[in-house]
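Engineer: Turn this into a model:
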Amino acid sequence: MENSIQEDIYVVDNLIRNIVKKYEMIESKNRAFRHLTALTITEIKTIYAIGNDEPKTMKEIAETLDVSVSTPTTTINRLIKKRYATRFTGVEDRRQVLVKLTNEGKRMYEEIQRIKIETTEFVLRMLNQTELESLRNILEKVNTNLQV
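Structural biologist: The predicted structure is shown next:
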């Protein structure tokens, strides 16, 4: 019995890692054909973290990326140089540094969003309705019960 649990752990761990890796590869291939090749993966993730709505603080961007506050600075600087983002000080708190996407950055955000949706649709088309409902229920249960 103990051997079976160890085998299950090994199999599930490998499956999760392989699925994530393949998912990212599919996204990357979609990206290559969609004129996003001028952006690195880190820049794409940062554009997505900044989002298409309200300006974000460096802290909010870092939290979304799950990195330290100083980590996104270099990437933000590159995005500003490429004219995808802009940085400014807060009106109410002038110590606060805010970042938002430019119109070109918003266009890239929409393209990234579209690619993410296409990739997810591609994966989900492999499942029938019952399998999809089971997968969703399992993922929701795991997500709800994982304590970080």
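
Engineer: so which strand or helix has the most centrally placed residue in the chain?
Structural biologist: Nearest to the mean C-alpha position of the chain, counting by CA atoms, centre = their mean, stands residue 45 at 5.3 Å. If you go by DSSP states H and E, residue 45 is part of helix 41-50.

Engineer: what does that helix contact?
Structural biologist: 28, 31, 36, 39, 56, 61, 64-65, 72, 75-76, 78-79, 82, 84-85, 99-101, 105, 108-109, 112-113 (CB atoms under 8 Å, 6 or more residues apart in numbering). For every residue, glycine as well, the C-beta is placed using N, CA and C.

Engineer: Tell me the buried residues within the residues you listed.
Structural biologist: 31, 36, 39, 56, 61, 64-65, 72, 75-76, 78-79, 84-85, 99-101, 105, 108-109, 112 (16 or more other CB atoms under 10 Å).

Engineer: In helices, which of those residues fall?
Structural biologist: Assigned to helices by DSSP state H, the following of those qualify: 31, 61, 64-65, 72, 75-76, 78-79, 105, 108-109, 112.

Engineer: Can you give me the separation between residue 122 and residue 96?
Structural biologist: Separation of residue 122 from residue 96 (CB to CB, to the nearest Å): 40 Å.

Engineer: I meant residue 70, not that one.
Structural biologist: For residue 70, the distance to residue 96 - CB to CB - is 16 Å.

Engineer: Name the residue in these two with the higher neighbour count.
Structural biologist: residue 96 (14 against 9; other CB atoms under 10 Å).

Engineer: That one touches residue 56, doesn't it?
Structural biologist: No: with contact defined as CB atoms under 8 Å, residue 96 does not count as touching residue 56 (10.7 Å).

Engineer: Now for residue 85: which residues touch it?
Structural biologist: Counted by CB under 8 Å, 6+ apart, residue 85 has contacts 47, 50, 76, 79, 99-102, 105.

Engineer: Not counting sequence-adjacent ones, nearest residue to it?
Structural biologist: Leaving aside its sequence neighbours, residue 85 sits nearest to residue 79 (CB to CB, 6 or more residues apart in numbering; 4.0 Å).
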